[in-house]
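> sequence? don't have it. structure:
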């Protein structure tokens, strides 16, 4: 049975006071990675068109090597040779191979955030089911068709996905959760009594685990697992949102 609507205190009291240090929500989803990328990946961004073209070749070469041979074979020397740039040029932008792999992760998440922005991914208002489903569908489409996503997936499921890459992914998850919970305006009267930020984090966790289940056993994404990801995530939100 659908419960009555409970309107939230936008000043941040009540439920959210239990987690006062949650990240500030970004104005746009496509901006979420900007502060995160300052501490990981490429040490600086190309400023000239020629340097950007080389950077694109470097990232494409990294994806190709990830797919062909796996993360353990990624070195700055191997990537430079495949991309047709000098190792010296590589070190102008990447401190080590880990920062190169981090950049693959970052660029994948930037692609995902832009897709979310385009479909209006949100938990806001009475139409939240439509916008939440649009976000989940955009995630699934990203996993299946995203630019360079095959290399991203190889990296995600490898032993190389550790350290700073894990931190980058967690920071991204936290930023998405903050964005989503700041858009919530009303709850069911019978919603579980937990902080909104924890609710949003758990929702993101369901998506992450669904991604893991769908692609770990099937490189092309198990259709039944992806459908269950969608159903489970929306069913969880139904317990909170009117």
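Received the coordinates, thanks. Predicted model, so just to flag it, every value in this text is computed and none were measured.

> who's in contact with the helix or strand harbouring residue 130?
Element membership for residue 130, per DSSP states H and E: helix 128-145. Applying C-beta atoms under 8 Å, 6 or more residues apart in numbering, the contact partners of helix 128-145 are 111-112, 115-116, 118-125, 149, 153, 184, 207, 211, 214-215, 220-221, 226, 229-230, 233-234, 237, 241. Every residue, glycine included, has its C-beta placed from N, CA and C.

> next, the buried residues of the lengthiest helix in the chain.
The longest helix of the chain (DSSP state H) is helix 97-119. Across helix 97-119, burial judged by 16 or more other C-beta atoms under 10 Å covers 97-117, 119.

> same for it, what does it pack against?
On a contact count with 3 or more C-beta pairs under 8 Å, 6 or more residues apart in numbering; DSSP states H and E, helix 97-119 meets helix 33-37, helix 49-69, helix 76-83, helix 128-145, helix 149-156, helix 164-181.

> before we move on, the earlier item: now list the buried members of the contacts of helix 128-145.
Here, 16+ other C-beta under 10 Å leaves 111-112, 115-116, 119, 121-124, 149, 153, 184, 207, 211, 214-215, 221, 226, 229-230, 233-234, 237, 241 buried among these.

> which ones among those map onto helices?
Judged by DSSP H, these include 111-112, 115-116, 119, 149, 153, 207, 211, 214-215, 226, 229-230, 233-234, 237 as members of helices.

> quick one: closest of the helices and strands packed on helix 97-119 to residue 27.
Among these, helix 164-181 comes nearest to residue 27, with 9.0 Å by C-beta to C-beta.

> helix or strand right after the closest one?
For helix 164-181, the succeeding helix or strand toward the C-terminus, using DSSP H and E, is strand 186-188.

> nearest residue to residue 122 in space, please, no chain neighbours.
Of all residues not flanking residue 122 in the chain, residue 131 sits nearest, at 4.3 Å (C-beta to C-beta, 6 or more residues apart in numbering).

> which residues does stretch 38-46 contact?
52, 54-55, 92-95, 99, 102-103, 105-106, 164-165, 167-168.

> got it, and stretch 167-183?
16, 22-26, 29, 32-33, 36, 40-41, 102, 105-106, 109, 113, 116, 121-124, 196-197, 199-201, 203-205, 208.

> buried residues in that stretch?
In stretch 167-183, counting by 16+ other C-beta under 10 Å, buried: 168-169, 171-183.

> so which helix or strand of the protein has the lowest pLDDT on average?
strand 5-7 (a mean of 35; mean pLDDT, DSSP states H and E).

> before we move on, the earlier item: off-centre distance for the helix holding residue 130?
12 Å (C-alpha atoms, centre = their mean, to the nearest Å).

> tilt between it and helix 164-181?
160 degrees (axes from the mean of the first three to the mean of the last three C-alpha atoms, to 10 degrees).

> next, the angle from helix 128-145 to helix 149-156.
90 degrees.

> average pLDDT for helix 128-145?
Across helix 128-145, pLDDT averages out at 92.
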